[in-house]
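[1] After the sequence you'll find the predicted model.
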Amino acid sequence: MMTNRPPTLLAIIGPTASGKSFLAIHLAQQFCGEVINCDSIQMYRFFNLGSGKLSEIERTNIPHHLIDVLDPQERFAAGEYARLARETITLVETRGRLPIIVGGTGFYLRALVDGLFPGPTRNPELRHRLQMRASQKGTNHLHRLLRRLDPALAANIHPHDTPKTIRGIEVCLQSGRPMSELFQQGRQALKGYQILKLGLNPPRAELYERINERTRCMFKRGLVDEVRNLLAQGVPKSAPPFQSHGYREALDYLDEKVSLEAAIELAATNTRHYAKRQMTWFHQESDVRWFSGFGTDPQLQKDASEYVLRTLTPSSGQNQD
């Protein structure tokens, strides 16, 4: 029977190391899907080990989009991601396939689904002054300023995430209002899709152990060499992906600020803290079907497949294999 239900868009969310990519591949195989990346670091070329990208072999037979699309020095905003992702979703859906958004950058997902406010344009002079202040007084100084101006926004931004911190201060100073308030106004939400959100919520202790082990493996597999090679190719230390966990600590080791053991421990600690912030952010998302476990677990994969199958409709125009 024909219905007027819109096509389905699947989004898989959860903290780092929870197995989102593996669940996405499983569901793509089950439902003739294509994966659309929603991880800000995986969009950068040459940043592989520290970003947790799946290997090309692991991605075989499942089309993946928005991976390796940016040069290392490119600045990329959430609004730009939303535009690219919406274009990609349309292309995937018109081929009769299921678009599957997967990644841990919650702000990108929110920009895609809910839209962004039409905030003030970038102010190069103000941004330069803020960047100079960060260089002179440290990133924590800027983050404390953002906490005074916009506590709600600051709570979801890491003190070392200088670009997002500067943008939050910039918007507040230029508009006279907190960016977190402006988020609620004038946004253009994604329309025309039935959005199905699946969340991974593994036990905290097990997640932290996986983060610890994955961090050790990243360094063992050559993260320091990857960073050394990127620097040798002319990628500056100020490149956006170098500010992420793992890469930042590897840079500190190469600068002889910390020992290798300390760099590994610090990277694991910072990543655990990031995972906690991710869960705080994602639990604010509405209409999420949460699964307790990791995306690599066969039983969870089976449960997720059954849930998606119950939700998909013949009218969506997507094949079910």
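    Looks like it came in fine. Numbers count the residues shown, from 1 in each chain.

[2] ok so Tyr274 is a helix residue?
    Yes. The assignment for Tyr274 is a helix, going by DSSP: H, G, I helix; E, B strand; the rest coil.

[3] Break the chain into its domains for me.
    8-116+187-316, 124-182 (automatic domain parsing).

[4] Dump the ones you listed to JSON lines, plus mean neighbour count.
    The C-beta positions use only the backbone N, C-alpha and C, and glycine is treated the same way. Shown next, in JSON lines, are those (neighbours: other CB atoms under 10 Å):
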{"stretch": "domain 8-116+187-316", "mean neighbour count": "18"}
{"stretch": "domain 124-182", "mean neighbour count": "17"}
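
[5] After the lowest-mean-pLDDT helix or strand in the chain, heading C-terminal, what element do we hit next?
    When the helices and strands of the chain are scored by mean pLDDT, DSSP states H and E, helix 179-182 comes last with a mean of 81. Remark: after helix 179-182, the chain's next helix or strand is strand 194-200, criterion DSSP states H and E.

[6] From the contact counts, what lies against that next one?
    strand 8-13, helix 20-31, strand 288-291, helix 298-311 (3 or more CB pairs under 8 Å, 6 or more residues apart in numbering; DSSP states H and E).

[7] quick one, which of those is nearest to Arg187?
    strand 8-13 (17.2 Å; CB to CB).

[8] Just want the angle from the closest one to helix 20-31.
    160 degrees (axes from the mean of the first three to the mean of the last three CA atoms, to 10 degrees).

[9] What strands line up against strand 8-13, and which way round?
    Strand pairing for strand 8-13, determined by DSSP bridges: strand 98-102 (parallel), strand 194-200 (parallel).

[10] can you list contacts of whatever helix or strand comes next after the last one?
    Beyond strand 194-200 in the direction of the C-terminus, DSSP H and E gives the next helix or strand as helix 204-220. If you take CB atoms under 8 Å, 6 or more residues apart in numbering as the criterion, helix 204-220 is touched by 15-18, 49-50, 52, 202, 246, 250, 260, 263-264, 267-268, 271-272, 275, 294.

[11] now helix 204-220, how far from the centre of its chain.
    18 Å (CA atoms, centre = their mean, to the nearest Å).

[12] do stretch 16-28 as well
    Going by CA atoms, centre = their mean, where stretch 16-28 is centred and where its chain is centred differ by 13 Å.

[13] now swap in stretch 260-274 and tell me
    19 Å.

[14] and what of stretch 27-35?
    20 Å.

[15] how about that stretch as CSV, C-alpha atoms only?
    In CSV, the C-alpha atoms belonging to stretch 27-35 read as follows (Å, rounded to 0.1, in the frame of the first residue of the first chain):
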residue,chain,number,x,y,z
LEU,A,27,23.3,-1.5,8.9
ALA,A,28,24.5,-0.3,5.5
GLN,A,29,25.0,-3.9,4.5
GLN,A,30,21.6,-4.9,5.8
PHE,A,31,19.7,-2.0,4.3
CYS,A,32,21.6,-1.0,1.1
GLY,A,33,23.0,2.1,2.8
GLU,A,34,25.8,4.6,2.3
VAL,A,35,27.8,6.1,5.2
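
[16] List the contacts of it.
    By CB under 8 Å, 6+ apart, stretch 27-35 touches 10, 12, 21, 24-25, 59, 61-65, 92, 95-100, 102, 301, 304-305, 308-309, 312, 318-321.

[17] Give me the mean pLDDT for it.
    Stretch 27-35 comes out with an average pLDDT of 97.

[18] Just list whatever residues bridge to Glu34.
    Pro99.

[19] Give me the spatial nearest neighbour of the most centrally placed residue in the chain, chain neighbours excluded.
    For the chain, Thr105 is the residue whose C-alpha lies nearest the centre (CA atoms, centre = their mean; 2.1 Å). Nearest in space to Thr105, with sequence neighbours left out and distances taken as CB to CB, 6 or more residues apart in numbering, is Ser40 at 4.5 Å.

[20] mind checking pLDDT for that neighbour?
    pLDDT, read off for Ser40, is 96.

[21] still on that earlier bit, could the strands paired with strand 8-13 be laid out in JSON lines, adding mean pLDDT?
    JSON lines is the format used below for those (pLDDT from 0 to 100):
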{"stretch": "strand 98-102", "mean pLDDT": "98"}
{"stretch": "strand 194-200", "mean pLDDT": "97"}
